[in-house]
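Peer 1: Fold the stuff below for me.
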Amino acid sequence: VKLVEASGLTLDNAATTYRRVGTDGVLGAAVTDAALGQGLAAGGTLDLSVGGALLVNAAVSAADTTVVSVTGALTQGANVTVSGSGKTLEVTAASVAMSANAVQLGTNGGDLRVTTTSGDMTLSTVSAVNGSSKGDVALVSAGLIGDLDGSSLISGAGLLLKAQGTTAGHQGIGAVGNALNTSVDTLALSSAGGDVVVTEVNTLTLGAVSVDVVGALGSVVTSSAEDVTLLGNGHVVLQVTSGDVTLTAGTGEVRATGSGNVRLEAVSGALTLGAVIDAGTGAASVLSGGAQSYTASADVLAGAGVDVQAGGAVTMVSGTVLQTVGTAIRVNAGGAVALGVLDARTALDRTNATTADQGNWGQVSVVAAGALSDAAATVGVDVYAKVARVSATGAVGAADALDLEVSTLSLSAGGAVKLVEASVLTLDNVGTTYR
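Peer 2: Next up is the predicted model:
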């Protein structure tokens, strides 16, 4: 089916009536052609172009590749689906609003892309999944990307999100109190402003996503993205309610460029970090119900503080750095801790490699339900802080000394302790604070 509507259009389950002239020349009674049961059904491809707004009040379905192009707003009150296995769906409109969570925009394992050219995108159920067959999903909005409520869900193999809005009230991905809900394997996103609030229900990888759909001209159009990036001063909150989280090296970075904060959480699973988390001048919390492991590329950089908490071990390697700008760093593990570098120095002392401003360095707290070790196993400093509080149920620095540059230290260990302090040290009963 190929249709072009010059202006606005409503797709509905409509009946029509007519009257026939009888043999006596008299116009007969009205006769009804019954409603078809849907708005539009195509047994093959569907190419629908609307020159104004499109209101979908009854189901739209096609067996093959589908392209819907709307000059005005798309208001979807009924399903728009493609039934052919692996066939793609592309929807473009000025804005997109789905009216209820029972409404679906979906494919049978084919890739799916929705684009708004001037307005927001408010979604309910978007799915590129049919059993074990999964397609990728791209959602590209000129404004914000949001969903109706906690029952909304976006499902697919990979999910690409791009929100380009910069105006207050029309920017960001998800919202505090109404996260964008997803069930995907891999996620990449960017937002030009606002907050990014996403809740994933299964194991998640942050990495590269590529989406291929057949466009209006019949050729394949590819959308690709990697990393999690937020411009402006909003917050990034990524929560996985069940399963593990992996940040892929090179393509799974998390960056908030302004003063907003970053929270990355695997509620019940483990975190495997192969890429940087950069909260700009904000703070970062990295939380997991299970263990956390870091590569040399997996630095956590946050001007206003770093908070790491794990239900299991925290394992860093030589080259891993947790860094603030004169604010607190806390590592709390339900298992052993292997430290890279915890650096709470001020920017000036870090640049000049001095301790002149040590009175303004941040505090460091490390809690280990097990041993605390130096992952670098070198003479380089492991902890830079004004005040350090260390508590371990096992040994501290047993195989290789824990190297410190701190003014004041309070330490408790359940085993042997081996420390090296680079300069002057005061031992005292001190606490630390973090945010």
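
Peer 1: Flag the shaky bits of the protein, pLDDT-wise.
Peer 2: 378-379 (pLDDT under 70).

Peer 1: Would you map the helices across it?
Peer 2: 347-352 (DSSP state H).

Peer 1: Name the nearest residue to residue 326, sequence neighbours excluded.
Peer 2: Spatial nearest neighbour of residue 326, excluding adjacent residues (C-beta to C-beta, 6 or more residues apart in numbering): residue 346 at 4.2 Å. C-beta here means a position set from N, CA and C on the backbone, and glycine is covered the same way.

Peer 1: I'd guessed that neighbour sits against residue 325; true?
Peer 2: Yes - in this structure, residue 346 is within contact of residue 325 by C-beta atoms under 8 Å, at 6.4 Å.

Peer 1: can you tell me how far residue 100 sits from residue 147?
Peer 2: 12 Å (C-beta to C-beta, to the nearest Å).

Peer 1: what do these two both touch?
Peer 2: residue 124 (C-beta atoms under 8 Å, 6 or more residues apart in numbering).

Peer 1: more crowded one of the two?
Peer 2: Between residue 100 and residue 147, residue 147 has the larger neighbour count (other C-beta atoms under 10 Å), namely 25 against 13.

Peer 1: That one and residue 122 touch, don't they?
Peer 2: Yes - look at residue 147 against residue 122 with C-beta under 8 Å: they come within range, at 6.9 Å.

Peer 1: and residue 290, what does it touch?
Peer 2: 244, 266, 268, 269, 270, 271, 310, 311, 312.

Peer 1: ok, the closest residue to the last one other than its chain neighbours to residue 390 distance?
Peer 2: Here the nearest residue to residue 312 in space, its sequence neighbours aside, is residue 291; by C-beta to C-beta, 6+ apart that works out to 3.3 Å. The spacing between residue 291 and residue 390, counted by C-beta to C-beta, is 20 Å.

Peer 1: Repeat that for residue 89.
Peer 2: 56 Å.

Peer 1: So for those two, which sits in the more crowded spot?
Peer 2: More neighbours surround residue 89 than the other of residue 89 and residue 390, with 28 against 25 (other C-beta under 10 Å).

Peer 1: That one contacts residue 115, correct?
Peer 2: No - with contact defined as C-beta under 8 Å, residue 89 does not count as touching residue 115 (11.8 Å).

Peer 1: give me the number of residues near the residue nearest to residue 326?
Peer 2: 22.

Peer 1: First-to-last residue distance for stretch 368-387?
Peer 2: 18 Å (C-alpha to C-alpha, to the nearest Å).

Peer 1: buried ones in it?
Peer 2: 368-376, 381-387 (16 or more other C-beta atoms under 10 Å).

Peer 1: Check stretch 161-168 too.
Peer 2: 161, 162, 163, 164, 165.

Peer 1: among these, which are in strands?
Peer 2: Under the assignment DSSP state E, the buried residues of stretch 161-168 contribute 161, 162, 163 to strands.

Peer 1: beta partners of the second one?
Peer 2: Yep, that's residue 162 we're talking about. Counting by DSSP bridges, residue 162 forms beta bridges with residue 140, residue 190.

Peer 1: Next up, the contacts around it.
Peer 2: Here residue 162 is in contact with 138, 139, 140, 141, 189, 190, 191, 225 (C-beta under 8 Å, 6+ apart).

Peer 1: which two of the residues you listed lie the greatest distance from each other?
Peer 2: Spatially, the most separated pair among the contacts of residue 162 is 138 and 191, at 14.5 Å (C-beta to C-beta).

Peer 1: what's the burial count for residue 357?
Peer 2: 16.

Peer 1: That one touches residue 351, doesn't it?
Peer 2: No - in this structure, residue 357 is not within contact of residue 351 by C-beta under 8 Å, at 10.7 Å.
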